[in-house]
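Engineer: only geometry, no sequence info:
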């Protein structure tokens, strides 16, 4: 079955420290992979996406993610976290055929301590 | 207006009321989606419209009724809802890629629905 697992429900990181959010997927074909961020009361904003090519993907707000096919992972990283990065982060996978929807993980809540 | 807009942003309704949620995308996309986001649950796909045709209905109760009159507008009609239907309802849109497949989904800010 197709699925996305985000093992960490809640992570707290000190401001200025590095961040890595984990995402593992189960998918039968070459996946399209996404990371979205959601601030309280808001919709989801796309941080970055992987369709093909270079497995290290750069996104907005200084985020990057690396696709590792052998590990079925697509972890999100940021070298230095800012207080404004506190939010909920969702990993998603999709075949991206004819309007089929994405499969989302349950999300990881990031708190940033000063 | 830019992106994907949703109205109203907040809605409180009784179980016997009828209301509608509206979504409009200003991106020229040709697929639109309704998702339900409840506390402590993953995002749940409700409906997909591809070129105005409904292509997916994820076993959603009939008290939720979607309508897509054109590729820019999507409605979710609500009637005789239950308190457990209280959630954030998100609309999204996406565009077919020239080389095949579809680009990422763009989300609206959501409608926070409370059913009393």
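Structural biologist: Looks like it arrived, so ask away. Just so we're clear, the structure is a prediction, and the values are computed from it rather than from any experiment.
Engineer: only C-alpha atoms for contact and neighbour calcs from this point on.
Structural biologist: Will do.
Engineer: what about the residue in chain B positioned nearest to chain A, which helix or strand?
Structural biologist: Nearest residue of chain B to chain A: residue B:109, at 3.9 Å (CA to the nearest CA). Under the criterion DSSP states H and E, no helix or strand holds residue B:109.
Engineer: Which residue, neighbours along the chain excluded, lies closest to it?
Structural biologist: For residue B:109, ignoring the flanking residues on the chain, the nearest one in space by CA to CA, 6 or more residues apart in numbering or on different chains is residue A:43 at 3.9 Å.
Engineer: okay, now the one you found: neighbour count?
Structural biologist: 22 (other CA atoms under 10 Å in any protein chain shown).
Engineer: now it: how far from residue B:20?
Structural biologist: Using CA to CA, to the nearest Å, residue A:43 is found at 19 Å from residue B:20.
Engineer: Residue A:76 now?
Structural biologist: 37 Å.
Engineer: Over to the residue of chain B closest to chain A: give its phi and psi.
Structural biologist: In this entry, residue B:109 is assigned phi and psi values of phi -80, psi -10 (degrees, to the nearest 10).
Engineer: so who does it touch?
Structural biologist: Shown in contact with residue B:109 (CA atoms under 8 Å, 6 or more residues apart in numbering or on different chains): A:41-44, B:4-6, B:9, B:90-91.
Engineer: least confident pick among the residues you listed?
Structural biologist: pLDDT across those is lowest for residue A:41, at 79.
Engineer: I'd like to know how many residues surround that one.
Structural biologist: The local packing of residue A:41 (other CA under 10 Å) involves 12 other residues.
Engineer: just residue A:78 next, same as before
Structural biologist: That count, for residue A:78 with other CA under 10 Å as the rule, works out to 18.
Engineer: between residue A:76 and residue B:20, who's got more neighbours?
Structural biologist: residue A:76 (24 against 16).
Engineer: Quick check: the more buried one vs chain B, distance?
Structural biologist: Per CA to the nearest CA, to the nearest Å, residue A:76 is found 17 Å from chain B.
Engineer: Hmm, that residue is touching residue A:60, no?
Structural biologist: No. Taking contacts as CA atoms under 8 Å, residue A:76 lies outside contact range of residue A:60: 11.8 Å.
Engineer: ok, now which ones touch residue B:31?
Structural biologist: A:99, B:48-52, B:71, B:93-95.
Engineer: So which of those is surrounded by the most neighbours?
Structural biologist: residue B:93 (31 neighbours).
Engineer: ranges for the strands of chain B?
Structural biologist: Secondary structure of chain B by DSSP state E: the strands cover B:4-7, B:10-13, B:18-25, B:31-37, B:44-50, B:53-57, B:64-70, B:73-79, B:87-94, B:106-107, B:111-115.
Engineer: Relative to residue A:64, which of those is closest?
Structural biologist: If you check each of the strands of chain B against residue A:64 by CA to CA, strand B:106-107 wins as the nearest, at 19.3 Å.
Engineer: Comparing the strands of chain B by mean pLDDT, which bottoms out?
Structural biologist: Among those, strand B:53-57 scores lowest, at a mean of 72.
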